[in-house]
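Asker: need coordinates for the below:
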Amino acid sequence: MKQGEMLAMILAGGRGSRLKDLTNKVAKPAVDFGGKYRIIDFPLSNCANSGIKVVGVLTQYESVLLNSYVAGGAKWGLDTRDSGVFVLPPREKADQDLDVYRGTADAISQNIDFIDSYDPEYILVLSGDHIYKMNYDKMLDFHKANKADATIAVIPVPMKEASRFGIMNTNTETHQITEFEEKPAEPKSNLASMGIYIFTWKLLRKILVADMKNPDSHHDFGKDVIPTLLNDGKRLFAYEFKGYWKDVGTIDSLWEANMDLIDKKDELNLSDSSWKIYTQDATEMPQFIGPEAIIETAYITQGSRIEGTVKNSVIFTGVTVSRGAKVVDTVLMPGSFVGEGAEVTRSLVKGGVKIGKNAKVGDAGSEDILLVAKDVKGED
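Answerer: Residues are numbered from 1 along each chain as shown. The predicted structure follows:
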């Protein structure tokens, strides 16, 4: 990729309401993941590893923590003279007289001046709330080779789940997109949009300017921009991604993505030095494993103290599992505490939550994962 050839814009303003109490005070992209990371670390690290120098992060909901976390770009090596991460909050009022983006396309439209100031040939638009590793430079090569006006990253999903996604129907030989269906009741294909787009900037800019003036538009890429490009006969192509990708939009899916780290396959592989996921450096001591501790299939992060039993679980930074406690099929987020004799099963415990002595939380037979977002009182 040539210097300045492509600029990235990360849509990081989502509320993430399905994550319930985890996003009461933080934006979804700022939620903790994988021991010591935040969700936003993944698209930002992908940008850094792909050679992208300038990244705009578009924030809105509960953005204070996220803004301070991404500002400057030092964590991802994007703080040099010719690179940077820029926080871009909404600048216009929506219908409810709030400073919010009206849709995914509106988030880009409100920042046309910012993009124009770098004069990129291409623009990469990313969702800020997915867990994956991806080389965007290879996607750009695919875009250029096909002389595409827009390239949309897709991933095959089980046909029974396809109705949950935006689905791309393509020419199977050329990969050119022939039709886009938003959450179709009867999908014709299983190629789901990943919310990752490359556009030729001059064309997208023209579409966005027209979209801003359209009172009937949702100002959304899926509902408006992509259908407009297809109706205008533009060249849209599907770039099939074959690596690990997870939309962590629910408690169950966030738990699953964390648990994937202790799967024998471990497709994400956070220890891979060839495609490092960068994050804020922790100043914690190494983890402490007590002499009576029992550990079976676990992902344990530095700064944690384990004196009880941990089985098939993911332990984040600064967690304590006390003597006699049992943690099974569970994700313990930063700074959570499990008291003596307590039992925690098939749960996701929010950071900082304390589970008291001999308390019992969760059910091994439950279909859904229990979110423990408040302290659980135990025996005195």
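
Asker: what's near enough to touch Ile277?
Answerer: With contacts defined as C-beta atoms under 8 Å, 6 or more residues apart in numbering, the neighbours of Ile277 are 37, 41-42, 45, 133, 270. Every C-beta, even on glycine, is put in place using the N, C-alpha and C of the backbone.

Asker: now do the strands in the stretch 251-380 of the chain.
Answerer: Listed in chain order, the strands of the stretch 251-380 of the chain (DSSP state E, counting those that start in this stretch) span 288-289, 294-300, 305-306, 309-315, 320-321, 326-328, 331-332, 337-338, 343-345, 347-349, 354-355, 360-361, 370-372.

Asker: circling back: want to throw the contacts of Ile277 into TSV with secondary structure and pLDDT?
Answerer: Converted to TSV, these look like this (DSSP: H, G, I helix; E, B strand; the rest coil; pLDDT from 0 to 100):
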residue	secondary structure	pLDDT
Tyr37	strand	94
Asp41	helix	96
Phe42	helix	97
Ser45	helix	96
Lys133	coil	97
Leu270	coil	93
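
Asker: can you tell me which of the residues you listed has the most neighbours?
Answerer: Most neighbours among the contacts of Ile277, by other C-beta atoms under 10 Å: Phe42, with 28 neighbours.

Asker: any regions of this structure where pLDDT drops low?
Answerer: Along the chain, segments meeting pLDDT under 70 span 1, 3, 92-99.

Asker: so how far is the top helix by length along it off the chain centroid?
Answerer: Longest helix in the chain, counting residues (DSSP state H): helix 201-212. When distances are taken as C-alpha atoms, centre = their mean, to the nearest Å, helix 201-212 is centred 26 Å away from the chain's centroid.

Asker: repeat for stretch 336-349
Answerer: 26 Å.

Asker: now name the helix or strand holding Ala153.
Answerer: If you go by DSSP states H and E, Ala153 is part of strand 150-156.

Asker: buried residues in that strand?
Answerer: Neighbour-count burial for strand 150-156, counted by 16 or more other C-beta atoms under 10 Å, picks out 150-155.

Asker: closest one to Thr59 out of these, please.
Answerer: Of all the buried residues of strand 150-156, Ala153 has the smallest distance to Thr59: 22.4 Å, by C-beta to C-beta.

Asker: who's the closest spatial neighbour of the closest one, skipping the chain neighbours?
Answerer: In this structure, Ala153 finds its nearest non-sequential neighbour in Ile196, 3.8 Å apart by C-beta to C-beta, 6 or more residues apart in numbering.

Asker: can you classify that neighbour by secondary structure?
Answerer: Using DSSP: H, G, I helix; E, B strand; the rest coil, the structure places Ile196 in strand.

Asker: okay, the buried residues of strand 150-156 in JSON lines with distance to Leu208 next?
Answerer: Shown next, in JSON lines, are these (distance: C-beta to C-beta, whole Å):
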{"residue": "Ala150", "distance to Leu208": "12"}
{"residue": "Thr151", "distance to Leu208": "17"}
{"residue": "Ile152", "distance to Leu208": "17"}
{"residue": "Ala153", "distance to Leu208": "20"}
{"residue": "Val154", "distance to Leu208": "22"}
{"residue": "Ile155", "distance to Leu208": "26"}
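
Asker: which two in those are spaced the farthest apart?
Answerer: Farthest apart among these by C-beta to C-beta are Ala150 and Ile155. That separation is 17.2 Å.

Asker: got a list of what Gly341 touches?
Answerer: By C-beta under 8 Å, 6+ apart, the neighbours of Gly341 are 322, 324-325, 357-358.

Asker: 10 Å instead?
Answerer: Gly341 sits next to 308, 322-326, 356-360, 378-379 when contact means C-beta atoms under 10 Å, 6 or more residues apart in numbering.

Asker: ditto for Val225
Answerer: Applying C-beta under 10 Å, 6+ apart to Val225 gives the contacts 103-105, 108-109, 125, 150, 197, 199, 204, 207-208, 211, 217-219.
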